[in-house]
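S.K.: Here's my sequence, what's the structure:
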Amino acid sequence: MSFQNPVFIPGPTNMPEELRRAVDMPTLDHRSSMFADMLHPARAGVRQILKSDQVEIFLFPSTGTGGWETAITNTLSPGDTILAARNGMFSHRWIDMCQRHGLNVKIVETEWGQGIPTARFEEILTADTNHEIKVVLATHNETATGVKSDIAGVRGALNGANHPALLFVDGVSSIASMDFRMDEWGVDIAVTGSQKGFMLPAGLAIIGFSPKAMQAVETATLPRTFFDIRDMGRSYEANGYPYTPAVGLLNGLNRSCDMLLSEGLENVFARHHRIAAGIRAAVDAWGLDLCAASPDLYSDTVSAIRTPEGFNATNIVTHAADTYGVAFGVGLGDVAGKVFRIGHLGMLTDVLALSGIATAEMCMADLGLDIRLGSGVAAAQEIYRTSAASPLKEAA
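M.R.: Below is the predicted model of the structure:
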């Protein structure tokens, strides 16, 4: 690999120099007032990015997986029932975590490449007249398949069934890159991490709790210590942490929120959509298909690209790394060897995206696929030339 080249994996993402400098800071006493001046603005910035007026933000030294564990251990009790669709690797992993914690998971098996089946969810919720289902899990953006699910539709299923279950959303590869409306969509817990749309190194689990989720904390009996939001909340009130915080990452998160809000959230989302549209145009020009089954499911942060039957898609990723020093994502789980993934989120511009498309073309041509060099690049160029481009802006 080469540090001179951008990465095209769906996280960790490329880091703006502004954020690298923010993370690289001298040791700070985390019991000093300087730490509080960093912590509270970071939490306030995340709240704005989630588009919520009432969410409580918790920042743990962890990753998105730790955020999942924070969500379930703080709100549930052994034997509680969960409803979830398994439509990709990351929904599968969240289901697995729930089962390991002694929870009863009603699984709706869903073809990989499809989104969450909201109509089926509503049928199940309507039939649950005793309200045994306590939580509905939803993966907003399935990173393994490049599929975006309709979170407003999941909330609609809950409302249509008049069901009181909590709605937990994995927004790890969507939040801060794609539109996310915590209050409007009735999300009770949102989970993300520092290493994707926030353009930071891995190391922070970022979790938002609605007032309804905060109430559930008081009756939950699953064990939690490190991820206990009650300890974290009390420490926030005293301008501190219950243990040693990841100070540099918190400083980086504060600056990241400043950058995203300075660019303007709608501009951030439009930038991601435009870059993704160029990638999709390239895929079409190559004569290949996306794993996502239909345009309404297309992710704006990652594209999983199917290769011809009998071709090992992982060879593209290996060849790109070994020959050109560029990183793409391999297929995972049910689509391993069948797709390769181009991540297009975080610190990315039209010009950087073109370099990734060009590299993918060279790799596929080198490996004998019927790809005409320049075809995908030209298709993406037409998208980028005819839409208003605004490069990522760093906060002053």
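
S.K.: I'd like to know how far the spatially most central residue of the chain sits from residue 193.
M.R.: In the chain, the residue lying closest to the centroid (C-alpha atoms, centre = their mean) is residue 173, at 1.5 Å. Separation of residue 173 from residue 193 (C-beta to C-beta, to the nearest Å): 9 Å. Using the backbone N, CA and C atoms, a C-beta is placed for each residue, glycine as well.

S.K.: and for the two, which residues touch both?
M.R.: Taking C-beta atoms under 8 Å, 6 or more residues apart in numbering as the criterion, residue 173 and residue 193 both touch residue 11.

S.K.: Residue 57 belongs to a strand, doesn't it?
M.R.: Yes - Residue 57 forms part of a strand when assessed by DSSP: H, G, I helix; E, B strand; the rest coil.

S.K.: Tell me who's in contact with it.
M.R.: Residues near residue 57 by C-beta under 8 Å, 6+ apart: 43, 44, 46, 47, 50, 206, 207, 208.

S.K.: Filter those residues down to just the buried residues.
M.R.: Buried members of those, counted by 16 or more other C-beta atoms under 10 Å: 43, 46, 47, 50, 206, 207, 208.

S.K.: Can you tell me which of these is nearest residue 245?
M.R.: Proximity of these to residue 245 (C-beta to C-beta) peaks at residue 43, which lies at 12.2 Å.

S.K.: Spatially, what comes nearest to that closest one if we skip its sequence neighbours?
M.R.: In space, residue 43 comes closest to residue 57 once its chain neighbours are excluded; the distance is 4.2 Å by C-beta to C-beta, 6 or more residues apart in numbering.

S.K.: quick one: the one you found from residue 213, how far?
M.R.: Taking C-beta to C-beta, one finds residue 57 at 12 Å from residue 213.

S.K.: again, but for residue 164
M.R.: 12 Å.

S.K.: Same drill for these two, tell me which one is more crowded.
M.R.: Each of residue 164 and residue 213 had its neighbours counted (other C-beta atoms under 10 Å), and the higher figure belongs to residue 213 (25 against 11).

S.K.: Low-confidence ranges, the stretch 1-150 of the chain, go.
M.R.: Along the stretch 1-150 of the chain, the model assigns pLDDT under 70 to residues 1.

S.K.: in this protein, which spans are strands?
M.R.: Taking DSSP state E as the test, the strands found in the chain are 56-61, 81-86, 104-109, 133-139, 141-142, 147-148, 166-170, 189-193, 204-209, 289-290, 302-306, 329-330, 339-343.

S.K.: Deepest in the core, which of these is it.
M.R.: Mean neighbour counts were compared across the strands of the chain using mean count of other C-beta atoms under 10 Å; the top stretch is strand 141-142, at a mean of 30.

S.K.: and the residue lying closest to residue 375 once chain neighbours are set aside, how many neighbours?
M.R.: Once flanking residues are discounted, residue 375 sits nearest to residue 285: 4.4 Å by C-beta to C-beta, 6+ apart. Using other C-beta under 10 Å, residue 285 has 20 other residues around it.

S.K.: Residue 313 contacts residue 340, doesn't it?
M.R.: Yes - the pair residue 313 / residue 340 is scored as a contact, 4.5 Å apart, by C-beta atoms under 8 Å.

S.K.: between those two, what contacts are shared?
M.R.: Joint contacts of residue 313 and residue 340 (C-beta under 8 Å, 6+ apart) are 305, 307, 330, 331.

S.K.: wait, which of those is closest to residue 187?
M.R.: Distances from residue 187 to the shared contacts of residue 313 and residue 340, taken by C-beta to C-beta, are shortest for residue 331, at 28.9 Å.

S.K.: got the contact list for that closest one?
M.R.: Neighbour list for residue 331: 144, 304, 313, 314, 337, 338, 339, 340, 341 [criterion: C-beta under 8 Å, 6+ apart].

S.K.: quick one: which of the residues you listed is nearest to residue 99?
M.R.: residue 144 (19.0 Å).

S.K.: Thought residue 112 was touching that closest one, still the case?
M.R.: Yes - under the contact definition of C-beta under 8 Å, residue 144 touches residue 112, with a separation of 7.3 Å.

S.K.: Between the two, which contacts overlap?
M.R.: 88, 333, 335.

S.K.: The helix of greatest length in the chain: which residues count as buried?
M.R.: Taking DSSP state H as the criterion, the chain has its longest helix at helix 265-285. For helix 265-285, the buried set under the neighbour-count rule, 16+ other C-beta under 10 Å, comprises 268-283, 285.

S.K.: export it as PDB, just CAs?
M.R.: The C-alpha trace of helix 265-285 is given here as PDB (Å, rounded to 0.1, in the frame of the first residue of the first chain):
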ATOM      1  CA  LEU A 265     -25.100  19.100   6.200                       C
ATOM      2  CA  GLU A 266     -27.200  19.300   3.100                       C
ATOM      3  CA  ASN A 267     -24.000  20.100   1.100                       C
ATOM      4  CA  VAL A 268     -22.300  17.100   2.700                       C
ATOM      5  CA  PHE A 269     -25.100  14.800   1.700                       C
ATOM      6  CA  ALA A 270     -25.300  16.200  -1.800                       C
ATOM      7  CA  ARG A 271     -21.500  15.800  -2.200                       C
ATOM      8  CA  HIS A 272     -21.800  12.100  -1.200                       C
ATOM      9  CA  HIS A 273     -24.700  11.600  -3.500                       C
ATOM     10  CA  ARG A 274     -23.000  13.100  -6.400                       C
ATOM     11  CA  ILE A 275     -19.800  11.100  -5.900                       C
ATOM     12  CA  ALA A 276     -21.800   7.900  -5.500                       C
ATOM     13  CA  ALA A 277     -23.700   8.700  -8.700                       C
ATOM     14  CA  GLY A 278     -20.400   8.900 -10.600                       C
ATOM     15  CA  ILE A 279     -19.300   5.500  -9.200                       C
ATOM     16  CA  ARG A 280     -22.700   4.000 -10.200                       C
ATOM     17  CA  ALA A 281     -22.300   5.500 -13.700                       C
ATOM     18  CA  ALA A 282     -18.900   3.800 -14.000                       C
ATOM     19  CA  VAL A 283     -20.300   0.500 -12.900                       C
ATOM     20  CA  ASP A 284     -23.000   0.700 -15.500                       C
ATOM     21  CA  ALA A 285     -20.400   1.600 -18.200                       C
END
